[in-house]
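Return atomic coordinates for the entry below.
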Amino acid sequence: MSIHKPLSEIEKQDLDNLITNQISESRYLDYKRELPENSSRDRKEFLSDVSSFANAAGGHLIYGIDAPKGIPKSLTPMAIDDLESEINSLESLIRDGIDPRIHGIDIKAIEVDSSGYVLILKIPRSRNSPHVVSYQKRFRFYSRSSMGRHPLDVHELRNAFLLSESAGEQVRDFRRKRIAQILELSTPVPFEKGAKLVVHVLPLEAFTFGNRLDMERVMDEQNVWNQNSYVYRYNFDGCLAYNPINFNSDYLSEAYIQIFRNGCIEFVKALETMKKKDYLAISGNDIDQWILSSVKSYLELLNRLGVSPPIFIMASLLGAHKREIVITHDFGGRREIIRTPIYPSIPHKIDRSTLLVEPISIDDYEVELEMALRVIFDSIWNAAGHKRSYSYKE
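Numbers count the residues shown, from 1 in each chain. Below you'll find the predicted structure:
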């Protein structure tokens, strides 16, 4: 068990709860009485611990808790004269002593009382594993199990490299299967035909065996992920929210959000096709906005649930073949095109029925999301002959 809260929200009470509930060390959690000193031995042990989390499933490394035999007994606050300098020193040691570099590590100091602090490192499962401790040019690989840290033997190391190579394929395979089901109309709710936008938000740790979200807590966070107040319920895959067009026997929907038990999230939205005299069009600025708003809310949800980056973001357009992408605006409740295609004399249309945009990876929740998503937006607009997305200034 680890701490299922964003690092920024962890407080002293959460540390007390670890002790009260006797939460033992595990694959995801390790306790230390005090910070590493400047000796080579201490530094190597620190780097071994950090890399073992990144090479396994991620987790929390907590300094300032006495835990004989792995069971937390008491807080042991550490007197730190210059907190910023201490944190910078740890970050520098990680940066210089582990290869390749581990992205997304966060460190938080919690002031226990006047006697000192407890330091928490949140280490994500890495998409670039396996990482080697390269300190003083003595190279060692480590991972973690329920028994704690251990060095990787030759067989485990070979498997670690194979798993690293397959991580991206696991993500793509999930997407391929989901897209195939959507195309076959095998969706959680009956969905109207026509062009669709599909957004997938896929945490790497979702593909770790046994990873599960607390679905009750997901439902409690509806103000984050179900901001449009869709109809919602539990289903076999996890939690579902959907927007029905009508309540007739067919019960068709024009949008749904499926949150899977492993932490993967799928958003599907019907795209309005505007029929003009000589062409069909869909709104590019609407697509950009739906992607941005949905990804933003789903990342906030995953952060609240304590899910660690990296998180892969994917967008797909289905059934948009032979449609142009245009800029639109609402005038008195009417949707109007306010910008013609780049080459009005030679209309450019999407040339395929299934458009799968290359995924991007979010390695830090503090990322400037609009800029990170720009490559996705540009790719979609490129598909209809545009130079770039017009949701941005040049």
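
which residue ranges form the helices in the chain?
12-20, 40-55, 83-97, 154-183, 215-220, 222-225, 284-304, 369-372, 374-382 (DSSP state H).

Compare those and give me the one nearest residue 327.
helix 284-304 (5.5 Å; CB to CB). Where C-beta positions appear, they are placed from N, C-alpha and C, glycine not excepted.

per-domain residue ranges of this structure.
As given by automatic domain parsing, the domain ranges for the chain are 7-152, 164-382.

Show me where the stretch 101-250 of the chain dips below the pLDDT cut-off.
Counting by pLDDT under 70, the ranges of the stretch 101-250 of the chain that qualify are 154-167, 208-210, 246-250.

can you map out the strands along it?
106-113, 116-123, 132-133, 140-145, 148-151, 196-203, 231-235, 238-244 (DSSP state E, counting those that start in this stretch).

circling back to that earlier point, reformat the helices of the chain as CSV; add distance to residue 145.
Output for these, formatted as CSV (distance: least, CB to CB, whole Å):
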stretch, distance to residue 145
helix 12-20, 20
helix 40-55, 9
helix 83-97, 22
helix 154-183, 10
helix 215-220, 27
helix 222-225, 33
helix 284-304, 25
helix 369-372, 34
helix 374-382, 37
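
returning to what we had before: Throw the strands of the stretch 101-250 of the chain into CSV and include mean neighbour count, thanks.
Output for these, formatted as CSV (neighbours: other CB atoms under 10 Å):
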stretch, mean neighbour count
strand 106-113, 16
strand 116-123, 22
strand 132-133, 22
strand 140-145, 19
strand 148-151, 15
strand 196-203, 23
strand 231-235, 13
strand 238-244, 21
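
Those strands: which one's closest to residue 301?
strand 196-203 (9.0 Å).

quick one on the thing from earlier: how about the domains of the chain in CSV, adding distance to residue 391?
Formatted as CSV, the domains of the chain follow (distance: least, CB to CB, whole Å):
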stretch, distance to residue 391
domain 7-152, 27
domain 164-382, 4
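
What count of nearby residues applies to residue 372?
The number of residues packed near residue 372 is 16, by other CB atoms under 10 Å.

wouldn't it be in contact with residue 359 here?
No: between residue 372 and residue 359 there is no contact under CB atoms under 8 Å: 11.7 Å.

quick one, what contacts the residue lying closest to residue 65 once chain neighbours are set aside?
Spatial nearest neighbour of residue 65, excluding adjacent residues (CB to CB, 6 or more residues apart in numbering): residue 31 at 4.3 Å. Residue 31 is in contact with 25, 62, 65-67, 70, 72, counting by CB atoms under 8 Å, 6 or more residues apart in numbering.
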